[in-house]
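J.: next input, structure requested:
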Amino acid sequence: MLRSSIHPHDLPLFSEDLDLLSQVLDKVCDERGLVRTTPEAERIGAVIIQLYRQGVKDGGKLADLAKTYL
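T.: Alright, predicted model coming up:
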């Protein structure tokens, strides 16, 4: 029997996923007074995506965890 290990980071992000991630990034950036095009905002976005791919699917938890990583 063949087994392939599919890791969460290998799965595609769908439009619903991207909508949630965008909302979370907007919230965190608004609270920090950041424009989304800044390097810091890009780092926050990367952290949010990483957390999401690790299984954190709740927007509030994503925002809270992203803030602790900064």
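J.: pretty sure residue 52 contacts residue 21?
T.: Yes - using Cβ atoms under 8 Å, residue 52 is in contact with residue 21, at 6.1 Å. Every C-beta, even on glycine, is put in place using the N, C-alpha and C of the backbone.
J.: just give me the residue closest to the centre of this protein.
T.: residue 48 (2.2 Å; Cα atoms, centre = their mean).
J.: residues contacting that one?
T.: Listed by Cβ atoms under 8 Å, 6 or more residues apart in numbering, the contact partners of residue 48 are 21, 24-25, 28, 62, 66.
J.: which one of those is nearest to residue 43?
T.: residue 66 (9.7 Å; Cβ to Cβ).
J.: thought the closest one was touching residue 41?
T.: No - the criterion here is Cβ under 8 Å, and residue 66 misses it with residue 41 at 10.8 Å.
J.: these two - which one has more neighbours?
T.: residue 66 (25 against 17; other Cβ atoms under 10 Å).
J.: what sits against the more buried one?
T.: 24, 28, 44, 47-48, 51.
J.: quick one: it from residue 53, how far?
T.: 13 Å (Cβ to Cβ, to the nearest Å).
J.: show me where pLDDT drops low in the protein?
T.: 1-9 (pLDDT under 70).
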